[in-house]
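Undergrad: Below: sequence and its predicted model.
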Amino acid sequence: MSTVLGMNQYGKAETRVVRIYRDTPMHEIRDLNVSTSLRGDFDRAHTIGDQSMIMPTDSQKNTAFAYAKTHGADSIEDYAIALGKRLVTATPAARQVRVRVQEYAWDRIGDHSFVRRGGGVRTCVVTITRGDARDEWDTQVLTGVEDLVVLNSTGSEFKGFLKDEYTTLPETDDRILATSLAATWRHTGTGVDWNRSYEAAVTTLLRTFAGTYSRALQETLYVMGVALLESQDALAEVRFSAPNKHHFLVDFSDFRVNGLTNDGEVFNAADRPCGLIEAQVIRDDAPTARDAWPAEPGFR
Ligand SMILES: O=c1[nH]c(=O)c2[nH]c(=O)[nH]c2[nH]1
């Protein structure tokens, strides 16, 4: 039996590129998922382990970041064409490149604040307990929003934190703050215009996220909780679960490209792990929650 190498291609899949345009106080965002694949004569890499014709996938990823700085402005098509031509040009053995780009759309909620388009799933959990008398019910209503993805491209710091032998995180005065917010709030009664209350709650959460300088996501959640409870008298408490979706500034300093700087413009949107910040904000005179929260282990 003899065997030969068949079709093959290689590249970097799903480089999560976030490009911030910050030339004016009104920032713009492009949020991309970029995959590149090179095709050509890469037989020797497969058959005899010769890497001399291989442009590393790591370099392809770096090029995707660098081109977001220099070519990311207009359309994903122009960006993909420029990136693809560069990769083929830099890789003599490549005959063809395929560049796939997905762009996530964001809507503006402030000068440097955005919410992912279409985001936010409305939820409710109702718990009804039979009372002593006929037609007597104890009704507890939780309303919430999940997957509300929000991002501030500046106005966020994280510094002054506890450090030990394992701490490597640099302090920062200016970072992206992004989270996929889950918030659940408890109503004190049922005489509520639910739709109007929900819309107002989400508006308050978004407006507060956008309008609050953040020293940590913990502080931002607390301020959002206070604002929500102050905006509607009939809310007893709110609970937040907020993954800190880390955006790492891409280090261009090792690239051998003249004049390429990264002044808070190109970020790697990390997939995982994320910080997970969770907090409850409650009125001090809130009626007891009884069984409102679906907290039995293993139950929903
Ligand atoms: O807002 C933050 N809170 C933290 O507790 C934390 N920890 C961390 O590494 N980064 C951040 N950011």
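TA: On my side now, so go ahead.
Undergrad: and the residue of the stretch 1-150 of the chain found nearest the ligand, how many neighbours?
TA: Closest contact between the stretch 1-150 of the chain and the ligand, by Cβ to the nearest ligand atom, is at V150 (13.7 Å). Placement of C-beta: from N, CA and C, glycine included. When neighbours are counted by other Cβ atoms under 10 Å, V150 registers 26.
Undergrad: Repeat that for the one 10 residues further on.
TA: Counted with other Cβ under 10 Å, residues neighbouring G160 total 9.
Undergrad: How about T203?
TA: Neighbour count of T203, defined by other Cβ under 10 Å: 12.
Undergrad: Ok, F158 next?
TA: Every residue meeting other Cβ under 10 Å relative to F158 is counted, giving 19.
Undergrad: And D254, by the same measure?
TA: Around D254 there are 7 residues (other Cβ under 10 Å).
Undergrad: swap in the one 5 residues further on?
TA: Other residues within reach of G259, judged by other Cβ under 10 Å, total 5.
Undergrad: same deal with Y104?
TA: Neighbours of Y104 using other Cβ under 10 Å come to 17.
Undergrad: mind listing what it touches?
TA: Going by Cβ atoms under 8 Å, 6 or more residues apart in numbering, Y104 touches 31-33, 116-117.
Undergrad: three-state assignment of A66?
TA: What DSSP: H, G, I helix; E, B strand; the rest coil gives for A66 is helix.
Undergrad: Correction: the previous question concerned R95.
TA: strand.
Undergrad: Need the nearest residue in space to it, chain neighbours excluded.
TA: The spatially closest residue to R95, leaving aside those adjacent along the chain, is G40, at 4.0 Å (Cβ to Cβ, 6 or more residues apart in numbering).
Undergrad: could you list every residue that touches the one you found?
TA: So G40 contacts 91, 93-96 (Cβ under 8 Å, 6+ apart).
Undergrad: who wins for most neighbours among those?
TA: A94 (20 neighbours).
Undergrad: tell me the pLDDT at that residue?
TA: On the pLDDT scale, A94 is placed at 98.
Undergrad: how near is it to L205?
TA: Look at A94 and L205: by Cβ to Cβ, to the nearest Å, they are 48 Å apart.
Undergrad: what does the stretch 51-200 of the chain put close to the ligand?
TA: 158, 169 (Cβ under 6 Å from any ligand atom).
Undergrad: so where is the protein shaky, pLDDT-wise?
TA: Along the chain, no part satisfies pLDDT under 70.
Undergrad: Strands along that one, start to end?
TA: 15-21, 28-40, 94-104, 106-110, 113-116, 121-130, 137-152, 177-187, 235-244, 247-249, 266-269, 275-282 (DSSP state E).
Undergrad: Which other helices and strands does the first one contact?
TA: Read it as strand 15-21. In terms of contacts (3 or more Cβ pairs under 8 Å, 6 or more residues apart in numbering; DSSP states H and E), strand 15-21 is packed against strand 28-40, helix 57-71, strand 266-269.
Undergrad: what pairs with Q96 across the strands?
TA: R39 (DSSP bridges).
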